[in-house]
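Undergrad: sequence? don't have it. structure:
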(Lines give C-alpha, C1' and ligand atoms only; values in the text may rest on other atoms or scores of the structure.)
Protein backbone atom coordinates (compact mmCIF):
# COMPACT_ATOMS: atom_id res chain seq x y z
CA UNK A 1 0.00 0.00 0.00
CA UNK A 2 1.31 3.46 -0.86
CA UNK A 3 2.20 5.72 2.07
CA UNK A 4 1.46 9.36 1.37
CA UNK A 5 3.40 12.08 3.20
CA UNK A 6 1.90 15.51 2.57
CA UNK A 7 4.68 17.90 3.55
CA UNK A 8 3.46 20.81 1.43
CA UNK A 9 3.95 24.15 3.15
CA UNK A 10 6.00 22.66 5.96
CA UNK A 11 9.38 24.26 6.47
CA UNK A 12 12.65 22.46 7.01
CA UNK A 13 13.32 20.05 8.59
CA UNK A 14 9.69 18.85 8.84
CA UNK A 15 9.51 17.20 5.38
CA UNK A 16 12.66 15.19 6.18
CA UNK A 17 11.41 14.21 9.66
CA UNK A 18 8.07 13.02 8.25
CA UNK A 19 9.79 11.14 5.41
CA UNK A 20 12.17 9.40 7.81
CA UNK A 21 9.24 8.34 9.97
CA UNK A 22 7.51 6.87 6.93
CA UNK A 23 10.72 5.06 5.90
CA UNK A 24 11.00 3.61 9.41
CA UNK A 25 7.36 2.44 9.24
CA UNK A 26 8.46 0.50 6.15
CA UNK A 27 5.30 0.74 3.96
CA UNK A 28 6.69 1.23 0.46
CA UNK A 29 6.29 2.94 -1.94
CA UNK A 30 6.23 6.30 -0.16
CA UNK A 31 4.93 9.36 -1.98
CA UNK A 32 6.16 12.65 -0.50
CA UNK A 33 4.53 15.90 -1.60
CA UNK A 34 6.56 19.10 -1.17
CA UNK A 35 6.36 22.63 -2.53
CA UNK A 36 9.89 24.00 -2.54
CA UNK A 37 13.06 22.93 -4.29
CA UNK A 38 14.85 23.07 -0.93
CA UNK A 39 12.45 20.50 0.55
CA UNK A 40 12.68 18.38 -2.60
CA UNK A 41 16.48 18.24 -2.35
CA UNK A 42 16.47 17.60 1.41
CA UNK A 43 13.98 14.73 1.12
CA UNK A 44 15.83 13.29 -1.88
CA UNK A 45 19.13 13.40 0.04
CA UNK A 46 17.62 11.77 3.14
CA UNK A 47 16.09 8.94 1.09
CA UNK A 48 19.21 8.32 -0.97
CA UNK A 49 21.28 8.29 2.21
CA UNK A 50 18.99 5.52 3.47
CA UNK A 51 19.90 3.55 0.32
CA UNK A 52 16.49 3.99 -1.35
CA UNK A 53 15.46 4.88 -4.90
CA UNK A 54 13.86 8.28 -5.50
CA UNK A 55 11.80 9.33 -8.49
CA UNK A 56 10.83 13.01 -8.75
CA UNK A 57 7.87 14.42 -10.68
CA UNK A 58 6.84 18.04 -10.93
CA UNK A 59 3.07 18.44 -10.70
CA UNK A 60 1.62 21.93 -11.10
CA UNK A 61 4.59 23.71 -9.51
CA UNK A 62 4.77 21.18 -6.68
CA UNK A 63 6.90 18.07 -6.39
CA UNK A 64 6.01 14.44 -5.84
CA UNK A 65 8.86 12.21 -4.74
CA UNK A 66 8.24 8.49 -4.99
CA UNK A 67 10.54 6.52 -2.71
CA UNK A 68 11.02 2.80 -3.34
CA UNK A 69 13.37 0.11 -2.05
CA UNK B 1 21.31 25.43 -16.00
CA UNK B 2 20.65 21.93 -14.65
CA UNK B 3 24.42 21.26 -14.31
CA UNK B 4 24.73 24.50 -12.37
CA UNK B 5 21.74 23.50 -10.23
CA UNK B 6 23.27 20.12 -9.46
CA UNK B 7 26.54 21.78 -8.49
CA UNK B 8 24.84 24.23 -6.13
CA UNK B 9 22.80 21.43 -4.56
CA UNK B 10 25.93 19.32 -4.02
CA UNK B 11 28.30 19.41 -1.06
CA UNK B 12 30.74 21.38 -3.24
CA UNK B 13 28.11 24.07 -3.70
CA UNK B 14 27.75 24.76 -0.01
CA UNK B 15 31.53 24.55 0.41
CA UNK B 16 31.92 27.27 -2.24
CA UNK B 17 29.36 29.44 -0.38
CA UNK B 18 31.25 28.95 2.90
CA UNK B 19 34.56 29.74 1.19
CA UNK B 20 33.11 32.89 -0.38
CA UNK B 21 31.96 34.16 3.02
CA UNK B 22 35.30 33.11 4.55
CA UNK B 23 37.19 35.21 1.99
CA UNK B 24 34.88 38.21 1.70
CA UNK B 25 34.12 38.81 5.39
CA UNK B 26 37.76 39.31 6.48
CA UNK B 27 38.28 41.43 3.35
CA UNK B 28 35.35 43.62 4.36
CA UNK B 29 37.20 44.25 7.62
CA UNK B 30 40.24 45.32 5.65
CA UNK B 31 38.02 47.56 3.53
CA UNK B 32 36.52 49.28 6.57
CA UNK B 33 34.09 47.09 8.55
CA UNK B 34 34.73 46.65 12.31
CA UNK B 35 37.32 44.13 13.49
CA UNK B 36 36.14 40.52 13.64
CA UNK B 37 32.85 41.84 12.23
CA UNK B 38 33.34 41.58 8.49
CA UNK B 39 29.80 40.28 8.43
CA UNK B 40 27.45 39.89 11.38
CA UNK B 41 23.79 39.57 10.53
CA UNK B 42 22.63 40.31 14.08
CA UNK B 43 24.99 43.29 14.54
CA UNK B 44 24.18 44.69 11.13
CA UNK B 45 20.42 44.45 11.65
CA UNK B 46 20.99 46.12 15.02
CA UNK B 47 22.89 48.91 13.22
CA UNK B 48 19.96 49.29 10.82
CA UNK B 49 17.53 49.52 13.77
CA UNK B 50 19.75 52.29 15.17
CA UNK B 51 20.04 54.10 11.85
CA UNK B 52 16.25 54.22 11.68
CA UNK B 53 16.14 55.67 15.19
CA UNK B 54 14.45 52.61 16.67
CA UNK B 55 17.22 52.66 19.28
CA UNK B 56 19.50 55.56 20.07
CA UNK B 57 22.78 53.85 20.95
CA UNK B 58 24.90 56.36 19.02
CA UNK B 59 27.84 54.02 18.34
CA UNK B 60 25.86 51.34 16.50
CA UNK B 61 23.85 53.13 13.83
CA UNK B 62 24.34 52.54 10.11
CA UNK B 63 22.25 51.13 7.27
CA UNK B 64 24.41 48.13 6.41
CA UNK B 65 24.32 47.47 2.66
CA UNK B 66 25.39 43.85 3.23
CA UNK B 67 21.95 43.05 4.68
CA UNK B 68 20.22 44.73 1.73
CA UNK B 69 22.46 42.72 -0.61
CA UNK B 70 21.64 39.43 1.12
CA UNK B 71 17.91 39.82 0.52
CA UNK B 72 18.22 41.22 -3.00
CA UNK B 73 20.93 38.70 -4.01
CA UNK B 74 18.70 35.86 -2.84
CA UNK B 75 15.76 37.45 -4.69
CA UNK B 76 17.76 37.62 -7.94
CA UNK B 77 18.85 33.97 -7.59
CA UNK B 78 15.31 32.86 -6.78
CA UNK B 79 13.91 34.73 -9.80
CA UNK B 80 16.55 33.41 -12.21
CA UNK B 81 16.13 29.79 -11.08
CA UNK B 82 12.33 29.92 -10.75
CA UNK B 83 12.28 29.56 -6.98
CA UNK B 84 10.56 32.82 -6.03
CA UNK B 85 7.52 31.53 -4.15
CA UNK B 86 5.49 34.06 -2.15
CA UNK B 87 4.20 32.21 0.90
CA UNK B 88 3.18 32.90 4.49
CA UNK B 89 0.90 31.75 7.28
CA UNK B 90 3.09 29.49 9.42
CA UNK B 91 2.61 30.99 12.90
CA UNK B 92 3.92 34.47 11.97
CA UNK B 93 3.56 36.00 15.43
CA UNK B 94 5.50 33.13 17.02
CA UNK B 95 8.26 33.74 14.47
CA UNK B 96 8.27 37.45 15.36
CA UNK B 97 8.76 36.66 19.05
CA UNK B 98 11.45 34.07 18.26
CA UNK B 99 13.23 36.70 16.14
CA UNK B 100 13.13 39.19 19.01
CA UNK B 101 14.62 36.81 21.54
CA UNK B 102 17.12 35.40 19.04
CA UNK B 103 18.43 38.94 18.62
CA UNK B 104 18.52 39.62 22.35
CA UNK B 105 20.49 36.40 22.92
CA UNK B 106 22.86 37.21 20.06
CA UNK B 107 23.45 40.75 21.34
CA UNK B 108 24.23 39.50 24.85
CA UNK B 109 27.10 37.58 23.20
CA UNK B 110 27.63 40.36 20.61
CA UNK B 111 27.27 38.41 17.42
CA UNK B 112 25.28 36.00 15.29
CA UNK B 113 26.59 32.49 14.43
CA UNK B 114 28.43 33.92 11.41
CA UNK B 115 30.23 36.40 13.60
CA UNK B 116 30.95 33.68 16.18
CA UNK B 117 32.80 31.81 13.40
CA UNK B 118 34.54 34.98 12.20
CA UNK B 119 35.53 35.91 15.75
CA UNK B 120 37.01 32.45 16.26
CA UNK B 121 38.81 32.74 12.92
CA UNK B 122 40.25 36.04 14.16
CA UNK B 123 41.55 34.45 17.38
CA UNK B 124 38.74 35.53 19.74
CA UNK B 125 38.45 32.44 21.91
CA UNK B 126 35.24 33.73 23.53
CA UNK B 127 33.56 32.49 20.36
CA UNK B 128 34.21 28.92 21.54
CA UNK B 129 31.80 29.45 24.44
CA UNK B 130 29.32 31.03 22.05
CA UNK B 131 29.48 28.17 19.56
CA UNK B 132 29.07 25.65 22.38
CA UNK B 133 26.04 27.62 23.56
CA UNK B 134 24.69 27.72 20.00
CA UNK B 135 25.04 23.93 19.72
CA UNK B 136 23.31 23.40 23.09
CA UNK B 137 20.45 25.71 22.10
CA UNK B 138 20.05 23.92 18.77
CA UNK B 139 20.18 20.52 20.53
CA UNK B 140 17.27 21.62 22.74
CA UNK B 141 15.45 22.70 19.57
CA UNK B 142 16.13 19.30 18.01
CA UNK B 143 14.61 17.60 21.05
CA UNK B 144 11.42 19.60 20.44
CA UNK B 145 11.51 18.74 16.71
CA UNK B 146 11.79 15.05 17.58
CA UNK B 147 8.83 15.40 19.90
CA UNK B 148 6.39 16.84 17.42
CA UNK B 149 7.25 20.57 17.47
CA UNK B 150 5.99 22.22 14.31
CA UNK B 151 4.98 25.78 13.43
CA UNK B 152 2.45 24.51 10.89
CA UNK B 153 2.06 24.92 7.17
CA UNK B 154 2.63 28.05 5.15
CA UNK B 155 0.44 28.72 2.14
CA UNK B 156 1.00 30.09 -1.30
CA UNK B 157 0.32 33.83 -1.24
CA UNK B 158 -0.21 36.70 -3.64
CA UNK B 159 3.04 38.01 -5.19
CA UNK B 160 2.98 41.22 -3.11
CA UNK B 161 3.62 39.15 0.04
CA UNK B 162 6.94 38.05 -1.39
CA UNK B 163 7.88 41.52 -2.56
CA UNK B 164 7.43 43.30 0.80
CA UNK B 165 10.88 42.46 2.22
CA UNK B 166 12.77 43.18 -1.02
CA UNK B 167 10.75 46.43 -1.17
CA UNK B 168 11.83 47.37 2.35
CA UNK B 169 15.43 46.67 1.34
CA UNK B 170 15.14 48.97 -1.69
CA UNK B 171 13.83 51.75 0.60
CA UNK B 172 16.78 51.16 2.96
CA UNK B 173 19.14 51.32 -0.02
CA UNK B 174 17.65 54.67 -1.08
CA UNK B 175 18.06 55.95 2.50
CA UNK B 176 21.73 54.96 2.65
CA UNK B 177 22.39 56.44 -0.82
CA UNK B 178 20.63 59.75 -0.33
CA UNK B 179 21.15 60.06 3.45
CA UNK B 180 18.28 62.49 4.10
CA UNK B 181 18.86 64.94 6.95
CA UNK B 182 15.47 66.61 7.52
CA UNK B 183 16.54 67.82 10.96
CA UNK B 184 20.08 68.86 10.07
CA UNK B 185 23.20 67.94 12.00
CA UNK B 186 24.35 68.17 15.63
CA UNK B 187 27.54 69.98 16.73
CA UNK B 188 29.60 66.78 16.51
CA UNK B 189 28.48 66.25 12.93
CA UNK B 190 25.96 63.56 13.86
CA UNK B 191 22.62 63.41 12.12
CA UNK B 192 19.49 64.52 13.95
CA UNK B 193 17.15 62.40 11.84
CA UNK B 194 15.26 60.88 10.16
CA UNK B 195 18.22 58.52 9.89
CA UNK B 196 21.19 58.30 12.23
CA UNK B 197 24.73 57.30 11.34
CA UNK B 198 27.39 56.73 13.99
CA UNK B 199 30.28 59.20 13.95
CA UNK B 200 32.35 56.96 16.25
CA UNK B 201 32.31 53.34 17.40
CA UNK B 202 31.57 50.20 15.36
CA UNK B 203 28.69 51.84 13.51
CA UNK B 204 31.07 54.42 12.01
CA UNK B 205 33.33 51.69 10.61
CA UNK B 206 32.20 50.45 7.25
CA UNK B 207 33.47 49.50 3.83
CA UNK B 208 32.41 51.70 0.87
CA UNK B 209 28.71 51.35 0.09
CA UNK B 210 29.15 49.79 -3.33
CA UNK B 211 31.67 47.25 -2.02
CA UNK B 212 29.42 46.20 0.88
CA UNK B 213 26.39 45.98 -1.40
CA UNK B 214 28.22 43.91 -4.02
CA UNK B 215 29.57 41.49 -1.41
CA UNK B 216 26.05 41.18 0.02
CA UNK B 217 24.58 40.46 -3.42
CA UNK B 218 27.20 37.78 -4.19
CA UNK B 219 26.74 36.05 -0.84
CA UNK B 220 22.95 36.37 -1.05
CA UNK B 221 22.98 34.74 -4.48
CA UNK B 222 25.29 31.87 -3.46
CA UNK B 223 23.56 31.25 -0.13
CA UNK B 224 20.11 31.10 -1.76
CA UNK B 225 21.33 28.52 -4.25
CA UNK B 226 23.15 26.38 -1.69
CA UNK B 227 20.78 26.87 1.35
CA UNK B 228 23.78 27.86 3.47
CA UNK B 229 22.64 27.92 7.11
CA UNK B 230 24.72 27.77 10.29
CA UNK B 231 21.84 26.63 12.49
CA UNK B 232 20.81 24.02 9.93
CA UNK B 233 24.42 22.79 9.82
CA UNK B 234 24.44 21.85 13.50
CA UNK B 235 20.78 20.78 13.56
CA UNK B 236 21.19 18.34 10.68
CA UNK B 237 24.20 16.70 12.32
CA UNK B 238 22.35 16.24 15.62
CA UNK B 239 18.97 15.36 14.10
CA UNK B 240 19.88 13.07 11.19
CA UNK B 241 23.68 12.79 11.13
CA UNK B 242 23.76 14.76 7.86
CA UNK B 243 27.06 16.63 7.31
CA UNK B 244 26.04 18.35 4.04
CA UNK B 245 25.50 21.87 5.41
CA UNK B 246 28.19 21.77 8.08
CA UNK B 247 30.84 21.30 5.41
CA UNK B 248 30.03 24.87 4.35
CA UNK B 249 30.21 26.16 7.91
CA UNK B 250 33.55 24.40 8.48
CA UNK B 251 34.91 25.82 5.24
CA UNK B 252 33.90 29.33 6.31
CA UNK B 253 35.86 28.94 9.56
CA UNK B 254 39.03 27.52 7.98
CA UNK B 255 39.10 29.92 5.02
CA UNK B 256 38.42 32.97 7.22
CA UNK B 257 41.25 31.85 9.55
CA UNK B 258 43.69 31.59 6.64
CA UNK B 259 42.60 34.93 5.14
CA UNK B 260 42.94 36.59 8.57
CA UNK B 261 46.49 35.20 8.86
CA UNK B 262 47.35 36.53 5.41
CA UNK B 263 45.86 39.95 6.17
CA UNK B 264 47.48 40.15 9.61
CA UNK B 265 44.07 40.17 11.30
CA UNK B 266 44.64 37.16 13.59
CA UNK B 267 45.09 38.07 17.25
CA UNK B 268 44.50 35.19 19.68
CA UNK B 269 43.19 35.62 23.22
CA UNK B 270 40.15 35.95 25.46
CA UNK B 271 40.26 39.50 26.82
CA UNK B 272 39.79 42.87 25.13
CA UNK B 273 38.96 41.35 21.78
CA UNK B 274 37.28 43.80 19.38
CA UNK B 275 33.58 44.45 20.12
CA UNK B 276 33.53 41.46 22.47
CA UNK B 277 33.44 40.58 26.16
CA UNK B 278 34.99 37.69 28.07
CA UNK B 279 32.07 36.98 30.38
CA UNK B 280 32.03 33.26 29.64
CA UNK B 281 28.74 32.29 31.25
CA UNK B 282 26.76 34.93 29.38
CA UNK B 283 28.55 34.38 26.08
CA UNK B 284 27.40 30.80 26.45
CA UNK B 285 23.85 31.45 27.69
CA UNK B 286 23.20 34.26 25.21
CA UNK B 287 23.87 31.88 22.37
CA UNK B 288 21.90 29.03 23.98
CA UNK B 289 18.92 31.36 23.70
CA UNK B 290 19.78 32.43 20.15
CA UNK B 291 20.42 28.82 19.05
CA UNK B 292 17.13 27.62 20.48
CA UNK B 293 15.19 30.47 18.86
CA UNK B 294 16.88 29.86 15.48
CA UNK B 295 16.15 26.14 15.69
CA UNK B 296 12.49 26.72 16.58
CA UNK B 297 12.19 29.22 13.70
CA UNK B 298 13.99 26.97 11.19
CA UNK B 299 16.98 29.09 10.22
CA UNK B 300 19.92 31.21 11.33
CA UNK B 301 19.65 35.00 10.79
CA UNK B 302 21.40 34.81 7.43
CA UNK B 303 19.15 32.03 6.17
CA UNK B 304 16.06 33.96 7.28
CA UNK B 305 17.19 36.89 5.10
CA UNK B 306 17.77 34.58 2.12
CA UNK B 307 14.36 32.93 2.57
CA UNK B 308 12.80 36.40 2.85
CA UNK B 309 14.37 37.12 -0.55
CA UNK B 310 12.74 33.95 -1.94
CA UNK B 311 9.31 35.31 -1.01
CA UNK B 312 8.91 33.66 2.39
CA UNK B 313 6.82 36.16 4.36
CA UNK B 314 7.27 34.19 7.59
CA UNK B 315 11.06 34.52 7.35
CA UNK B 316 10.50 38.23 6.71
CA UNK B 317 8.51 38.44 9.95
CA UNK B 318 11.41 36.76 11.80
CA UNK B 319 13.77 39.42 10.39
CA UNK B 320 11.44 42.21 11.50
CA UNK B 321 11.30 40.52 14.92
CA UNK B 322 15.10 40.58 15.06
CA UNK B 323 15.24 44.28 14.17
CA UNK B 324 12.62 45.01 16.84
CA UNK B 325 14.54 42.85 19.33
CA UNK B 326 17.66 44.91 18.59
CA UNK B 327 15.77 48.09 19.39
CA UNK B 328 14.63 46.63 22.72
CA UNK B 329 18.12 45.27 23.41
CA UNK B 330 19.59 48.77 23.36
CA UNK B 331 16.64 50.77 24.69
CA UNK B 332 16.29 48.39 27.65
CA UNK B 333 20.07 48.04 28.21
CA UNK B 334 20.06 44.31 27.50
CA UNK B 335 23.01 43.99 25.08
CA UNK B 336 26.44 42.92 26.31
CA UNK B 337 29.02 45.67 26.80
CA UNK B 338 32.55 45.00 25.52
CA UNK B 339 35.60 44.42 27.73
CA UNK B 340 37.42 47.65 28.55
CA UNK B 341 40.72 48.64 30.09
CA UNK B 342 40.16 51.49 32.56
CA UNK B 343 43.39 53.07 33.91
CA UNK B 344 45.33 49.92 33.11
CA UNK B 345 42.78 47.64 34.81
CA UNK B 346 40.74 45.16 32.82
CA UNK B 347 37.00 45.62 33.23
CA UNK B 348 35.27 42.48 31.99
CA UNK B 349 32.14 43.38 30.06
CA UNK B 350 28.94 41.42 29.55
CA UNK B 351 25.25 42.01 29.93
CA UNK B 352 23.64 44.17 32.60
CA UNK B 353 21.37 42.44 35.16
CA UNK B 354 18.52 43.43 32.83
CA UNK B 355 20.22 41.59 29.98
CA UNK B 356 20.66 38.52 32.15
CA UNK B 357 16.99 38.63 33.11
CA UNK B 358 16.03 39.01 29.44
CA UNK B 359 18.03 35.91 28.48
CA UNK B 360 16.30 33.88 31.21
CA UNK B 361 12.90 35.27 30.16
CA UNK B 362 13.72 34.47 26.53
CA UNK B 363 14.63 30.89 27.39
CA UNK B 364 11.36 30.49 29.30
CA UNK B 365 9.35 31.92 26.37
CA UNK B 366 11.14 29.65 23.88
CA UNK B 367 10.54 26.60 26.07
CA UNK B 368 6.85 27.49 26.38
CA UNK B 369 6.67 27.84 22.58
CA UNK B 370 8.54 24.54 22.18
CA UNK B 371 6.20 22.65 24.46
CA UNK B 372 2.95 24.23 23.29
CA UNK B 373 3.54 24.12 19.52
CA UNK B 374 3.68 20.33 19.44
CA UNK B 375 1.37 18.14 17.44
CA UNK B 376 0.06 15.02 19.12
CA UNK B 377 1.24 12.03 17.11
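TA: Now that the structure is in, tell me what you want to look at. What you see is a predicted model; the values in this text were computed from it and never measured.

Undergrad: dump the residue contacts of the nearest residue to residue B:201 once chain neighbours are set aside.
TA: Among residues not flanking residue B:201 along the chain, residue B:59 sits closest, at 2.6 Å (CB to CB, 6 or more residues apart in numbering or on different chains). In this view, the C-beta of every residue, glycine as well, is placed from N, C-alpha and C. By CB atoms under 8 Å, 6 or more residues apart in numbering or on different chains, the contact set of residue B:59 is B:198, B:200-204.

Undergrad: mind redoing it with 6 Å?
TA: Applying CB atoms under 6 Å, 6 or more residues apart in numbering or on different chains, we find residue B:59 in contact with B:198, B:201, B:203.

Undergrad: pull the residues that contact stretch B:352-362.
TA: By CB under 6 Å, 6+ apart, stretch B:352-362 touches B:101, B:104-105, B:108, B:285-286, B:289, B:332-334.

Undergrad: show me where the stretch 201-350 of chain B has strands.
TA: In the stretch 201-350 of chain B, the strands defined using DSSP state E, counting those that start in this stretch lie at B:340-342, B:345-347.

Undergrad: and of those, who's closest to residue B:32?
TA: strand B:340-342 (23.2 Å; CB to CB).

Undergrad: give me the sheet partners of the closest one and which way each runs.
TA: Each strand paired with strand B:340-342, and its direction, by DSSP bridges: strand B:345-347 (antiparallel).

Undergrad: and the partner strand, which residues are buried?
TA: Neighbour-count burial for strand B:345-347, counted by 16 or more other CB atoms under 10 Å in any protein chain shown, picks out no residue.

Undergrad: with stretch B:317-336 instead?
TA: B:317-330, B:334-336.

Undergrad: distance from that stretch to the middle of the chain?
TA: Its chain's average C-alpha position is 12 Å from that of stretch B:317-336, according to CA atoms, centre = their mean, to the nearest Å.

Undergrad: near chain A, anything from that stretch?
TA: No - between stretch B:317-336 and chain A, judged by CB under 6 Å from any CB of the partner chain, nothing touches; the nearest distance is 11.0 Å.

Undergrad: show residues contacting that stretch.
TA: So stretch B:317-336 is contacted by B:45-46, B:49, B:54-55, B:57, B:92, B:95-96, B:99-100, B:103-104, B:107-108, B:110, B:277, B:297, B:304, B:308, B:350-352, B:354-355, B:358 (CB under 6 Å, 6+ apart).

Undergrad: rewinding a little: and the pLDDT at the residue nearest to residue B:201?
TA: Per-residue confidence (pLDDT) for residue B:59: 96.

Undergrad: mind listing the strands for chain A?
TA: Per DSSP state E, chain A carries strands over the ranges A:3-6, A:30-34, A:53-59, A:62-68.

Undergrad: out of these, which one sits most buried?
TA: Counting by mean count of other CB atoms under 10 Å in any protein chain shown, strand A:30-34 has the highest mean neighbour count of those, with a mean of 23.

Undergrad: give me the angle between that strand and strand A:53-59.
TA: 40 degrees (axes from the mean of the first three to the mean of the last three CA atoms, to 10 degrees).

Undergrad: need the contacts of residue B:59 in a markdown table (columns: distance to residue B:129, pLDDT and neighbour count).
TA: Shown next, in a markdown table, are the contacts of residue B:59 (distance: CB to CB, whole Å; pLDDT from 0 to 100; neighbours: other CB atoms under 10 Å in any protein chain shown):
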| residue | distance to residue B:129 | pLDDT | neighbour count |
| --- | --- | --- | --- |
| B:198 | 28 | 96 | 21 |
| B:201 | 24 | 96 | 15 |
| B:203 | 25 | 97 | 24 |
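
Undergrad: tell me the one of these nearest chain A?
TA: residue B:203 (33.1 Å; CB to the nearest CB).

Undergrad: residues contacting that closest one?
TA: Residue B:203 touches B:47, B:59-62, counting by CB under 6 Å, 6+ apart.

Undergrad: any low-confidence regions in chain A?
TA: Within chain A, no stretch has pLDDT under 70.

Undergrad: how about the residues of it that lie near chain B?
TA: A:9-12, A:14, A:37-38, A:41.

Undergrad: residue nearest the centroid of chain A?
TA: Nearest to the mean C-alpha position of chain A, by CA atoms, centre = their mean, lies residue A:32 at 3.5 Å.

Undergrad: contacts only, for that residue.
TA: Residue A:32 touches A:5, A:19, A:43, A:65, counting by CB under 6 Å, 6+ apart.

Undergrad: what of residue B:137?
TA: B:288, B:291-292.

Undergrad: closest one of those residues to residue B:37?
TA: residue B:291 (19.7 Å).

Undergrad: what's the nearest residue to that closest one if we skip its chain neighbours?
TA: residue B:137 (2.4 Å).

Undergrad: residue A:23 too?
TA: residue A:50 (5.7 Å).

Undergrad: what is the burial count for the one you found?
TA: By other CB atoms under 10 Å in any protein chain shown, the residues close to residue A:50 number 15.

Undergrad: pLDDT wise, what is the residue lying closest to residue B:73 once chain neighbours are set aside at?
TA: Spatially, and ignoring its direct neighbours in sequence, residue B:73 is nearest to residue B:220 (2.2 Å; CB to CB, 6+ apart). For residue B:220, the pLDDT comes out at 98.

Undergrad: identify the residues contacting residue B:220.
TA: B:69-70, B:73-74.

Undergrad: quick check: the closest residue in space to residue B:128 that isn't next to it in sequence vs chain A, distance?
TA: In space, residue B:128 comes closest to residue B:120 once its chain neighbours are excluded; the distance is 6.6 Å by CB to CB, 6+ apart. As judged by CB to the nearest CB, to the nearest Å, residue B:120 and chain A stand 26 Å apart.

Undergrad: again with residue B:346
TA: For residue B:346 relative to chain A (CB to the nearest CB), the value is 43 Å.

Undergrad: determine the number of other residues adjacent to the residue nearest to that residue when sequence neighbours are not counted.
TA: Nearest residue to residue B:346 in three dimensions, chain neighbours excluded: residue B:271, at 5.8 Å (CB to CB, 6+ apart). Residues within reach of residue B:271, counting by other CB under 10 Å, total 15.
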